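Engineer: fold the stuff below for me.
(2 chains)
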Amino acid sequence: MFEFIGERYNYWMIIGLMMIGLYITFQSSNLIKRLTGLSIFQTSVFLFYVTLSKVNGGSAPILFGRDWKGQGKKAEAEAANGATGDAVATPYGGDGHGDAGAVGYGPVDGLYETYSNPLPHVLILTAIVVSVATLSLGLALIVRIREAYGSIESDDVARADLETALAEAADRDESEATA
Amino acid sequence: MIAFLHGLASDAMILHAPALLVAVPLIFSAVITFLPSGRVAWLVTVLVSLFSLWCAAILQHEVSLNGPISYALGGFPPPIGIEFRVDALNTLFLLLVTGIGFLAAIGSWATVNAEMRDTRINLFYAAYLVCFTGLAGVAITNDAFNLFVFLEISSIATYVLVGVGARRDRRALPAAFNYLIMGTIGATFFVIGVGFLYAATGTLNLTDLAARIPDSESPRAVQAGLAFIVVGLGLKLAMYPLHQWLPNAYAYAPSFVTVFLSATATKVSFYALVRFLTYVFPEVDAENILFTAVFAPLGIAAMIICSFQAVFQVDVRRTLAYSSVAQVGYMLLGLSLATAVGLSASLLFLFNHALMKGALFLALAGVVLHYQGTQMRDMAGLGRQAPWTMTAFAICALSLIGVPLTAGFASKVTLLSACFDKGWWWAAFVIVGASLLAVVYMGRIIEAAFFRAPANPQKLRKEAPVSLLVPLWFLAIANIWIGFDASFPAGLADDAAGAALSTMVRP
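Structural biologist: All right, here's what the predicted structure looks like:
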């Protein structure tokens, strides 16, 4: 039982971060803190993807050792084409052997070393870009809210909005009374 | 019409239509930022959305002739590279997004010119085109992660567009901020779900996922992924009770933005939900529970509760926004039937609702031009002061209620018969009850507009400009035409439901 939990410590950390982030997002009244909570929440998801991509004993998905030196099948095929020494063997490259793109799915012919799955890293790079865009836009909105309301506390903003709505309602009653 | 548009295209055009549909608006959104701020930016936007509409029409015709189209981006074959796949379900939504985008863009000039700072008009249209690109991309891509990216492209542009409304009312800023928080949480939930699916199957291509999920070694991970995806997309499509961001965002955004968003944004998220539930997950055990224990009660709750809330709003735009959430409830009810007829009814409802809600907000955009406010009292007497605008508004309001000989009647009857097919006779009471509430909340507006004395008697005959009336009346006439002959949208919806369920009857 404890072993089962302990072995998966990375997932527990991710869940912990996720809950912290969501809690801050929902609980905080300060708009910047809410945005920070959102960032923590998103970061936990990035870690989740990175954890998924980890292969036991695998290194970063950059060709090295025998793969790099050009002794793998792929390198042999390239050597036949006269391109020795160049480490340009991309996952999509040489079509010398069947399903070349499936680097991360398991043991792949042509590679001697074990690599982590590069695809989730690429996905998360995209997701990070999205989250940076969201974060910067959120901060820009906070600047505008500060200019318009003079506060970055969502309670103050809500109070100001309520006052506006009440004033509108009073205005409406007045105009109906005169009509 | 569609065949004619198809006939204009060259072979290369037909071959690359899926990519061009998305790429051209994206490229022009960058180009527009360099153009002078003014009428040119508007003209380019209209032409670009017309081009995308043309692409969608070509795709629709191709799919109806030759079946689904697969387009491998960058030349990487599908399970590895990103694939754009177009079947009848995609074409329905592509036609909807590009068609409404085109009509809204035509009508936009007058309102954007009035509501936007003169130097920022080109930037506004750039943000609009980015949003347009994202929505079209969601509707066309066949890659789960790519779908997330497009969803976020459209959402981030949407936050900007909503926030721009601050020039008229500062409450647009908190509305945009809340929308940003909720929307990002929704998108992140979606990504978590996709991560679970990737962990369980090792693929992101939706067709490939559908093939691999039944053989997955970890059904628990697939179920968790399904749950996260449903919640994430539920936030995006304003599924009750995850709709809290919607009323304020619609009420304070610039008029044109509300027109476009109300007709497309939640609809496209609904497409993503349908795509995942019917196409990717047809054989997950948890799904039956999801349909009967989640979608049906939530849909009914939305129909009743949000219709009630709509009755008590003093701002007409908020009334319509709550009504939008209620209409999402109808669609969820149709989806929860889990039958081909139910899905088809749900899609027909969605299509018709986009037409009527787009038109209603377009009419309000015309009202805002002259009267600033959209409070209930501002509507008083408008029927006499702006007869063309308000007559179209009334037609679409009747359609929203579901009066016979309008599109709304056609979609509600189809939904009812689908419910009876399933044996859910009690759903009739819910649908009729919610429609009666619609009579109340739309009736208030029509009563104020046509039977009360004008609030501003000095402003006589303030009609919306022609550029706005043309798309408005196009939509209004479409509402009546569909009421008489619903074969075009019903055919689209039937084909779409068939395509969505195509993996359900796997040998």
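Engineer: from the middle of its chain, how far away would stretch A:162-175 be?
Structural biologist: 45 Å (Cα atoms, centre = their mean, to the nearest Å).
Engineer: what about the strands in chain B?
Structural biologist: B:69-72, B:83-86 (DSSP state E).
Engineer: most packed of these?
Structural biologist: Mean neighbours per residue, mean count of other Cβ atoms under 10 Å in any protein chain shown, is largest over the strands of chain B for strand B:83-86, with a mean of 23. From N, CA and C alone the C-beta is placed, and that goes for glycine too.
Engineer: now for the residue in the stretch 301-450 of chain B positioned nearest to chain A, how many residues are close by?
Structural biologist: Nearest residue of the stretch 301-450 of chain B to chain A, counting by Cβ to the nearest Cβ: residue B:377, 6.2 Å away. Residue B:377 has 16 neighbouring residues, counting by other Cβ atoms under 10 Å in any protein chain shown.
Engineer: so stretch B:136-156, near chain A or not?
Structural biologist: Yes - using Cβ under 8 Å from any Cβ of the partner chain, stretch B:136-156 reaches chain A at B:145, B:148-149, B:152, B:156.
Engineer: lowest-confidence helix or strand of chain B?
Structural biologist: Among the helical and strand segments of chain B, the one scoring lowest on mean pLDDT, DSSP states H and E is helix B:286-289, with a mean of 69.
Engineer: so where's the longest helix in chain A?
Structural biologist: helix A:118-149 (DSSP state H).
Engineer: elements contacting that one?
Structural biologist: Where contact means 3 or more Cβ pairs under 8 Å, 6 or more residues apart in numbering or on different chains; DSSP states H and E, helix A:118-149 is packed against helix A:31-53, helix A:154-178, helix B:144-163, helix B:172-201.
Engineer: ok, residue 60 - contacts?
Structural biologist: As the question left the chain open, I've gone with chain A. Residues counted as contacts of residue A:60 (Cβ atoms under 8 Å, 6 or more residues apart in numbering or on different chains) are A:115-116.
Engineer: try again with chain B
Structural biologist: Counting by Cβ under 8 Å, 6+ apart, residue B:60 makes contact with B:2, B:91, B:94-95.
Engineer: at 7 Å what do you get?
Structural biologist: B:2, B:91, B:95 (Cβ atoms under 7 Å, 6 or more residues apart in numbering or on different chains).
Engineer: which of those count as buried?
Structural biologist: B:2, B:91, B:95 (16 or more other Cβ atoms under 10 Å in any protein chain shown).
Engineer: how close does the last one get to residue B:59?
Structural biologist: Counting by Cβ to Cβ, to the nearest Å, the gap between residue B:95 and residue B:59 amounts to 9 Å.
Engineer: ok, now residue B:45?
Structural biologist: For residue B:45 relative to residue B:59 (Cβ to Cβ), the value is 21 Å.
Engineer: residue A:162 too?
Structural biologist: Applying Cβ to Cβ to residue A:162 and residue B:59 gives a distance of 49 Å.
Engineer: and these two? Which one has more around it.
Structural biologist: residue B:59 (27 against 10).
Engineer: residues in chain B within reach of chain A, list them.
Structural biologist: B:76, B:80, B:145, B:149, B:152, B:156, B:159-160, B:163, B:166, B:170-171, B:173-174, B:176-177, B:180-181, B:184, B:188, B:191-192, B:195, B:198-199, B:202, B:375, B:377 (Cβ under 7 Å from any Cβ of the partner chain).
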